[in-house]
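*Asks:* this is a predicted model, with the sequence first.
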Amino acid sequence: MKIQRLSWTYEADLESLGLQLGIILNTSSVADLKISQRGLTARFFLNLASGLRKNSHSILKSLELMDWGDPNAVKFIVEVLNGYHQLETLSLLSSRYGGEGYVYDAAVRLLSLTLKQNSCLKELVLKGVEGRSAALLLYALAGDDGNRSIEQLELVRMSGIGKSLAEVFLSNRSLRVVTLKAITMPVEEWRLLGEAIRDNATATTVNIDTVLSRSYFNELKELSCAASSDGKEPLLHLGMDEDEDDMLAPFKLLSSVLRGEIKSVKSLTLLLMDFSLFSGTSIEDILPMNGITGETSRLERLNLTFGPGGFRCQSIRQRSRGVVQGPDGAVASEFNSQGNRCLRDPLGKERKGGAD
C-alpha cells in the first residue's frame, strides 16, 4: 500500500482516513506500507498507529517513510516499533530526495533510542540521511547497548559516515549483510572502515556500489587493502564504473585482486560505457600480473559490462586450488591465449565478445 498525492479540505477527513487505513492494514493481506505524502498531521499518524494496534491480524512487515524527520512521522514510527512487533524492515527516505526539509534533532534522538531497544527489526534502510541524523541512527546499532536484531543495513547517498559505520562494524555482532550505494567519504574514512570490516567476525557480505557516481578507485582500493586478511574469507562485492581521467584505473584494482595482493574482494563488477584503447595495447598492459599466475587470488566472480559499440563479458571463476580462471578455463597467466576469447577479443579487433 502506498500513500501519496492526497488532498483534503478538512483535517477531520484526513484524520478519519488515517484510522480507516489502519483498520484496512489489520484486515487485509497488505505486507508493505509506503508513506510518501507530506503535511500529514499528528492525529493522522496517531489514528494510523491506533488502527494497527487494535488487533494482531495485520501482516505488515515493511514500512517506508519519506519526510521521516517530521516529528509527527517520527512519533508514528516510534509507536509502531514499540507497539507492533511484526515489523521487519524500516526504510527512511530523507526529504531532500524530493525537496527541502528539516530533520528535528529531538525526533532523531527519540528514534535512535527506540531502535536501540527494538528486538524485532531485521533490516534498516537509510537513504539521503545526512550529518548528525545519520550519526545518531547508526550509533543505535553500535556499542554494548546497540540494537542486536538488525541483520541487514543499507545506506544510500550519504556522506561522512565512515567513523560511525566503522564503530558499528567494530561493536555489532548481529549484522550479516551491509550494502553501501553512492557513499561519499574521505579516503582515510574508507581506510578506517576497511579495518573495521577486517576485524568484524560475523558480517558475511558487504556490497559497495559506486556505479553512476564519481570515480572511487583510490577509495575502494584503500578499503579493500585495509579489509584484507590471510585468515579471513573475502566478503566485499564491489561495483564501479570507469574513470574519465584514467581509463585503466578499474583494471589496476582488478590486477591487484588477481595477483592476490587484495584478499578481501569476493566479486567485482566493472561498468565500462566508453572503454577504448590505443591500437597495439596488450592484455599485459591492462592486467599486469608481474609473473604471478593467480593461484593466491580469492576472487570468485568477475563481471565486465561494456557499453554500446563495445562488448559484454562475464567471467566466473571456479574455485579449484585457488586458481583464477576465465570462462573457458584459462588461468590469469593465459588471459591472452587463443582460447580465452572473453578477455582477448576486447583488445584485438573490437569484435563483440562474450562468455561461452
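*Replies:* The structure has been received and is ready for your questions. Numbering: from 1, shown residues only.
*Asks:* the stretch 1-150 of the chain: strands as residue ranges?
*Replies:* For the stretch 1-150 of the chain, applying DSSP state E, counting those that start in this stretch gives strands covering 2-3, 32-35, 62-66, 89-93, 123-127.
*Asks:* list the helices and strands the shortest one packs on?
*Replies:* The contact analysis (3 or more CB pairs under 8 Å, 6 or more residues apart in numbering; DSSP states H and E) places strand 2-3 against strand 32-35. Using the backbone N, CA and C atoms, a C-beta is placed for each residue, glycine as well.
*Asks:* list of residues touching the strand it packs on?
*Replies:* Here strand 32-35 makes contact (CB atoms under 8 Å, 6 or more residues apart in numbering) with 1-4, 25, 60-66, 73.
*Asks:* ok, back up a step: could you tell me the least trusted of the strands of the stretch 1-150 of the chain?
*Replies:* Least confident of the strands of the stretch 1-150 of the chain, judged by mean pLDDT, is strand 2-3 with a mean of 87.
*Asks:* rewinding a little: pull the most distant pair out of the contacts of strand 32-35.
*Replies:* Spatially, the most separated pair among the contacts of strand 32-35 is 4 and 61, at 20.0 Å (CB to CB).
*Asks:* any idea of the pLDDT on the closest residue to residue 92 other than its chain neighbours?
*Replies:* Nearest in space to residue 92, with sequence neighbours left out and distances taken as CB to CB, 6 or more residues apart in numbering, is residue 68 at 4.3 Å. We note a pLDDT of 78 for residue 68 in this prediction.
*Asks:* try residue 281
*Replies:* At residue 281, the predicted lDDT confidence score is 65.
*Asks:* and for residue 336?
*Replies:* Listed pLDDT for residue 336 reads 40.
*Asks:* in stretch 147-158, what's buried?
*Replies:* With burial defined by 16 or more other CB atoms under 10 Å, the residues of stretch 147-158 counted as buried are 147, 150-158.
*Asks:* tell me how far the spatially closest residue to residue 113 that is not a sequence neighbour lies from residue 148.
*Replies:* Closest residue to residue 113 apart from its sequence neighbours, by CB to CB, 6+ apart: residue 140 at 7.5 Å. In this view, residue 140 and residue 148 are 11 Å apart by CB to CB, to the nearest Å.
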